[in-house]
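# kindly generate the corresponding structure for this input.
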Amino acid sequence: MKTMNLFKSAIAPKIRRVIGSILFGSAFLLTNCFAQGESQPAKTVPLEEFSGYYQFPSKAGFIQFEVKDKVLFAKQVWDGKEYPLIQLNGTNFESEKEGHKIEFLKDDAGQFTYAKLMGRIITVKVGFDPKKVKQLSAAQLKRLEGTYILQDDHNLKLHIQPSANGLTIKQLWDNKQVTFTPRSETFFLNDDGTFPLTFLLNDGQAVQVTCFADDIWLKAE
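Purely as a prediction, here's the structure:
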């Protein structure tokens with residue numbers, strides 16, 4: 001359970017090392033990845049269909065794909081490093097120098113929603129820029145407010161409340177606090193971008209929040 005170590009200084013360096021090596025040169029997270037369907041058939045696809053931000057399974061890391069001068073580039077959001085990609089066929093690419101494979105995959109609606117990196121790491125396309133803080137209304141923040149109980153241990157509770165620029169989380173077992181700013185209506189990051197919160201809404205109201213990829217906290221009634 002990562003949340004109890006939320007305020008430990010050792011967390012951020014560890015996450016940076018993982019994210020910084022995840023795409024070009026490390027297989028550290030390969031065991032946490034899942035397989036994704038069948039490969040798409042080769043055909044001509046406008047490069048712009050692949051453009052956007054894609055989120056790693058950790059929820060804290062992102063990669064951006066963008067077209068420049070008719071070439072698709074992969075950009076590591078955490079350090080800004082860019083890699084020109086060579087197109088092997090309609091949906092398969094590799095980094096020009098390193099030779100790392102990238103395959104774009106469609107969802108059930110026929111939209112390119114996934115990018116499979118190095119044959120195993122599935123990243124998911126998101127509809128927001130993780131580098132930009134999104135301004136939310138007081139009402140949008142208010143619906144996220146409340147006490148949340150860890151799904152696996154009901155003795156652990158968090159209280160979340162709106163702050164000047166986003167949300168503040170307070171660990172009720174030790175009263176430590178940290179602030180988060182929104183990147184979308186339901187996705188928030190802490191100040192250094194290493195700790196993600198993802199809210200689940202039902203009928204416009206928050207019912208749970210997930211810290212990192214799998215720490216699930218249920219909102220108390």
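
# from here on, contacts and neighbour counts on C-alpha atoms
OK.

# could you check the pLDDT of the nearest residue to Leu150 once chain neighbours are set aside?
Leaving aside its chain neighbours, Leu150 sits nearest to Trp217 (4.3 Å; criterion: Cα to Cα, 6 or more residues apart in numbering). Trp217 is assigned 98 on the pLDDT scale.

# verify the stated contact: Trp217 with Tyr148.
Yes: Trp217 is in contact with Tyr148 according to Cα atoms under 8 Å; the separation is 5.4 Å.

# wait, what's in contact with the residue nearest to the spatial centre of the chain?
The centre of the chain sits closest to Lys59, judged by Cα atoms, centre = their mean, with a distance of 3.0 Å. By Cα atoms under 8 Å, 6 or more residues apart in numbering, Lys59 lies in contact with Pro196, Phe212, Ala213.

# now with 6 Å?
Phe212, Ala213 (Cα atoms under 6 Å, 6 or more residues apart in numbering).

# is it within a helix or a strand, and which one?
Take DSSP states H and E as the rule and Lys59 turns out to sit in neither a helix nor a strand.

# list the buried residues of stretch 82-92.
Glu82, Tyr83, Pro84, Leu85, Ile86, Gln87, Gly90, Thr91, Asn92 (16 or more other Cα atoms under 10 Å).

# farthest pair within those residues?
Glu82 and Gly90 (21.2 Å; Cα to Cα).

# re earlier: tell me which of the buried residues of stretch 82-92 is nearest to Leu158?
Looking across those and measuring by Cα to Cα, the closest to Leu158 is Glu82, at 38.3 Å.

# just to check, the closest one is in contact with Lys75?
Yes: proximity of Glu82 to Lys75 meets the contact threshold set by Cα atoms under 6 Å, at 4.3 Å.

# mind listing the shared neighbours of those two?
Taking Cα under 6 Å, 6+ apart as the contact rule, Glu82 and Lys75 touch no residue in common.

# beta partners of the nearest residue to Lys176 once chain neighbours are set aside?
Leaving aside its sequence neighbours, Lys176 sits nearest to Lys170 (Cα to Cα, 6+ apart; 5.6 Å). Beta-bridge partners for Lys170, by DSSP bridges, are His159, Gln177.
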